[in-house]
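Asker: heads up, no residue letters with this:
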């Protein structure tokens, strides 16, 4: 056993690692290999990438010099080669030199860094303002001052953006899609070549909105607003994630930004106005339609906690299968889904889902997994329920 | 010295006292950071934090401030209003006007709508926040519903006023400001007599 | 009461006031905590081996990441350095024991109690703390599981232990040095611990303050961190990081001290620039108080604030660099041999420098907007803590264990441990730079497909690194069981310092009569 260790110890030299390290460093600037920061779709993003590469090269140079000297010393100044220690152990001049040179390097680095930071705090007036609110665990986008308002005088273009990757993919029961964990139902749509200003806040805990290709990251703090801005130069789809631990769904609230031409943006705005109107329209749905839409809605919005099987993870996430609420009074069931349960993780879905979605989900919960109450809830009933509350 | 000598012979007692006092003072310092943080935010406008205390009201009441009359140095600023609430927007908390073009130095009045549709009297706390945060010191609120808690009886609906002006010396770079209000609702119970 | 030999049985360990016994207890405790925290790391890395959720729910994953951080920071690294301080400081300054031996005992025994409480939260309803070791509000207040109260209580206990330990260290160093040992003759380990102890006194109480505020928000209806009551979640971050940044220097300064003993010993050459090293360490400690908001560049600070913290953070690289240069200059023109402590110390210099350089990149505020809360940060702090602080502790154990036990460790096994650890640690943490730059956030249990390959590599490295520590444990146990070549008092040819003038193993009571230093 001992000789194995001895053999190993004698054979391995630090110098054997050098070729490997060089290979690694040389390929580092190609971002399509997943080794480096994105080169970005915005001017600021490119500046940041440039700064990143500059400081990186400076660090590599410092490392090469320092480690090079160490390596030289390790090879040459060995007792086994007969080296005798030269007893020098101080030099004020040398200390001053190797304090001053790094200081100068840092001052040189601070100049472009300051310039880029100042540019990030640019206050030129924006063309579009979008309020981004972080929820556990999804994002809400409200386009401000588009001139499109609803009957309550609220901003009309107001929607949630939720992860659409299925539980089956996460549990390995289905092949993972190309944009696994980075796909949503409603993307944020913005025009290129326009300054878009974001206002960030949060509903519950601190979240952080980050899209690497836009080089925008800003914390969303509950009760306060922050701002940032972007000006995208290229049409494309840019994906990001929440960047501040916010609970169990922190890894499941991605961001998708679709940057489109100005003409396409105008078309989209008009369609949003129509979609918001449609969402609040109610029609009568058959049981089959309710169950089908309900299952889709349940899997997307509820299964993360209550599980696809309806068994939940008690006691924190109660089972819905055989649950007194799903089998009992419909109004109580509506209330808990629409208004949530304060003091628990059960959020108020009333303002996050349309009456049709809510009706379908509640119907599904009352009939799936053997619950079989036979109850069906129509969207109109949800509308009345909300009105009775004073909506 | 020996390890079994009495402590007072071995160790300078005054040093020990200092070494124990220092952490105690630092513990107090931790709590001192709270008012210090408010001062710091006041000066820097971090988080667009407001001082909701008497000081803000006094400042507002001193409307004879040199920078608050429309003058040659007045210019236009776009001011946006946005709201958030802590439940499905049962409270219908919305600004009457979501965007205004404001001339510095002139006083403006706008309103925020609020309704209590429940059967229980509710108490509302409004927390303001402005972005960019540094613009905070240039916004003078003469009257704001956020200065005190608002109590609404069951079914009551109000238009809550905000009377404000922007100082003339607000830097030109603050061309567009967003003022956000977040309300928090609590049931209100009459105090027992 | 004087006695020449220790008591027997459990009473010896419960009631001991002997710095050597207490040092040993701290070291063994920290080793156990390292293995527990390491097991949690392996659970985390197992879940992250491939995309998808295979082993645990996201809720439990958050508990693992949180406890891993708390245990490693407060249970492994800090107590290990305190253990070494206990063993070495009295001997290095020629004192018979620490200044306050009974408080010393209590400082230790508080820790198993505190960590027993922390680990027991895993079995509480609602689970263990799940809000990250940095426990930002309101996730850690309004939205926290019931176990948060026990977390707060245990942080208070750990804090009291640390503060008392720091008082003890300062009182010992300032009062009990042998005649002739003035401050500028003290060994570097003593210097770095003196400065670390002042940092502890300054910032542990602030941590106690912030967790007390949390407690009050949770249980006594205050609103320190709740906007609804006029408070501010961002203020939590300011107060936390005012503690948190000096804390990371608390976790590295003793490491600098250890390495400053080992490299001169095996280079057979005095440490280069002793004066400069003292000044550099003091500068680092002072600067550590004015950089905290570099952990908060994305929180929404005004430009002036961001610039200030960027400059101050960049500045702290200067004294740190000076220390690295001094170690290299110590090696240059020396007469080096590469026993295990030297291998770990050289690796420390190289790998800690890599961690420091990624830290410099993080200091560049505009770039940090792309690095913050990604695996790039995880790579940075693991480089400075694992091949940084932990390697220095391992190096120190190999270096001093012949003095503590009287027996040489197995050198071939030590070298093997080194090489496997070296490969393992780099395999684990180097790829994290890449996935961070490619866009993978921190603290997520599952990730998009483009991050898969390097995550797999990191997991393999983690298992390699983790299991190789068992070789170290075996080697230590063999020494404790006196299975090995007996060590001389000097142990190492180039070793200098008072501890090498006493027998190996060091007698239960040393320097009962202070030596005279020339």
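Answerer: Nice, I can see it. In this text, all values refer to a predicted model and were calculated from it rather than measured experimentally. Residues are numbered from 1 along each chain as shown, chains lettered A, B, ... in the order given.

Asker: tally of neighbours for residue C:456?
Answerer: For residue C:456, the neighbour count with other C-beta atoms under 10 Å in any protein chain shown is 16. No exception for glycine: its C-beta is placed from N, CA and C like everyone else's.

Asker: same question but for residue A:329, I mixed them up
Answerer: 10.

Asker: For chain C, see how far away it is.
Answerer: 28 Å (C-beta to the nearest C-beta, to the nearest Å).

Asker: and that residue, what pLDDT?
Answerer: Note on residue A:329: pLDDT of 92.

Asker: got it, and the one 3 residues further on?
Answerer: Per-residue pLDDT puts residue A:332 at 92.

Asker: Enumerate every residue touching it.
Answerer: residue A:325 (C-beta atoms under 8 Å, 6 or more residues apart in numbering or on different chains).

Asker: Hmm, residue A:259 is touching residue A:190, no?
Answerer: Yes - using C-beta atoms under 8 Å, residue A:259 is in contact with residue A:190, at 5.7 Å.

Asker: neighbour count winner among these two?
Answerer: For residue A:259 versus residue A:190, the count of surrounding residues by other C-beta under 10 Å is larger for residue A:259: 27 against 24.

Asker: residues contacting that one?
Answerer: By C-beta under 8 Å, 6+ apart, the contact set of residue A:259 is A:41, A:190-192, A:232, A:234-238.

Asker: Of the residues you listed, grab the buried ones for ChimeraX.
Answerer: To isolate the buried members of the contacts of residue A:259 in ChimeraX, using 16 or more other C-beta atoms under 10 Å in any protein chain shown:
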select /A:41,190,191,192,232,238
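
Asker: Now pLDDT, secondary structure and distance to chain C too, for the contacts of residue A:259, in TSV please.
Answerer: TSV is the format used below for those (pLDDT from 0 to 100; DSSP: H, G, I helix; E, B strand; the rest coil; distance: C-beta to the nearest C-beta, whole Å):
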residue	pLDDT	secondary structure	distance to chain C
A:41	91	coil	13
A:190	97	strand	19
A:191	97	strand	23
A:192	96	coil	21
A:232	96	strand	16
A:234	94	coil	18
A:235	97	coil	20
A:236	96	strand	15
A:237	97	strand	14
A:238	97	strand	11
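
Asker: I'd like the distance from the host helix or strand of residue A:198 to the chain centre, please.
Answerer: Taking DSSP states H and E as the criterion, the element that holds residue A:198 is strand A:196-202. Here strand A:196-202 shows a centroid-to-chain-centroid distance of 14 Å under the convention C-alpha atoms, centre = their mean, to the nearest Å.

Asker: Would you mark the buried spots in that strand?
Answerer: Of the residues in strand A:196-202, those buried by neighbour count under the rule 16+ other C-beta under 10 Å are A:196-202.

Asker: Now whichever residue of chain B sits closest to chain C. Nearest residue, chain neighbours left out?
Answerer: Residue nearest to chain C within chain B: residue B:30 (2.4 Å; C-beta to the nearest C-beta). Spatially, and ignoring its direct neighbours in sequence, residue B:30 is nearest to residue C:209 (2.4 Å; C-beta to C-beta, 6 or more residues apart in numbering or on different chains).

Asker: tell me which element that neighbour is part of?
Answerer: For residue C:209, the host element (DSSP H and E) is helix C:188-219.
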